[in-house]
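Peer 1: Following is a predicted model, sequence given first.
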Amino acid sequence: MPSQRYDSIDALRGAAIVWMTVFHFCFDLNHFGWLKQNFYADPFWTSQRTAIVSLFLFCAGLGQAVAVEQGQKPGRFWKRWAQVAGCALLVTVGSIWMFPKSFIYFGVLHGIALMLVIVRFSAGWGGWLWLAGALAIAAKPLAELAHLQWPQLDFLNGPLWNWLGLVSRKPITEDYVPLVPWLGVMWWGMAAGQWLMARRRAWVQRPIPRVARPLAWMGRWSLSWYMLHQPVLIGALTLLSQLR
């Protein structure tokens, strides 16, 4: 079956990119001292981060549903996976330079790389993906309760295990997207995509409005945009700060 891109899914991913870019621009302004905001505790910003990451992971699940339905070959999947994993490594290296005390070791790209493998190999679960996603999301508050009951679980907060997400406190890092609860969001994206492909394909096949076409273009280049937007923003703000 020939592969086909759906502009509606790409545009949804593009909307997440625009939102993320605006968020990171504000974060960078704060880093340079041109804003005075608490991006780590203020609900206005933390809720936006949660929504942006959720939208990205949901779109990743949708994309995997389409890829599986179209019979994507393993080689193509692993090639894309290697690109994501390689970019995750570059993010770690770059963050060590910029945030040596809180560098990114399991951020959104690290999480996506691992979740893609899990979601791909669980694609055959069908409707059970909805339950699996719900359990993954529910595991976060349950883990917090378990820590209160059994203090010996504190080892899960350490760097060897906190990528699972079964923690009682967030580690000191600029970006943290562990399996729990975020795998649940990608599983729901896969489940939603399978439902759409089986029962409402016309919803994603409809032409999108002309005004949304730039979003679809951005959605097709999401990884490249993700990797380039921060160096460009930080470089521009660094130049402006030197000219002030």
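Peer 2: That came in fine, so what should we check first?
Peer 1: what's the host helix or strand of residue 83 packed up against?
Peer 2: Element membership for residue 83, per DSSP states H and E: helix 74-98. Secondary-structure packing of helix 74-98 (3 or more Cβ pairs under 8 Å, 6 or more residues apart in numbering; DSSP states H and E): helix 108-121, helix 222-243. Every residue, glycine included, has its C-beta placed from N, CA and C.
Peer 1: Worst mean pLDDT among the ones you listed?
Peer 2: Ranked by mean pLDDT, the helices and strands packed on helix 74-98 bottom out at helix 222-243, with a mean of 92.
Peer 1: Which positions within that helix qualify as buried?
Peer 2: For helix 222-243, a neighbour-count test (16 or more other Cβ atoms under 10 Å) marks 222, 225-227, 230, 233-234, 237 as buried.
Peer 1: gap between the helix or strand of the chain with the lowest mean pLDDT and the chain center?
Peer 2: None of the helices or strands of the chain scores lower by mean pLDDT, DSSP states H and E than helix 201-205, at a mean of 88. Taking Cα atoms, centre = their mean, to the nearest Å, the mean C-alpha location of helix 201-205 is offset from the chain mean by 24 Å.
Peer 1: The longest helix seen in the chain packs against which elements?
Peer 2: Secondary structure of the chain read by DSSP state H shows that its longest helix is helix 43-69. Contacts defined by 3+ Cβ pairs under 8 Å, 6+ apart place helix 43-69 against helix 7-31, helix 108-121, helix 179-199.
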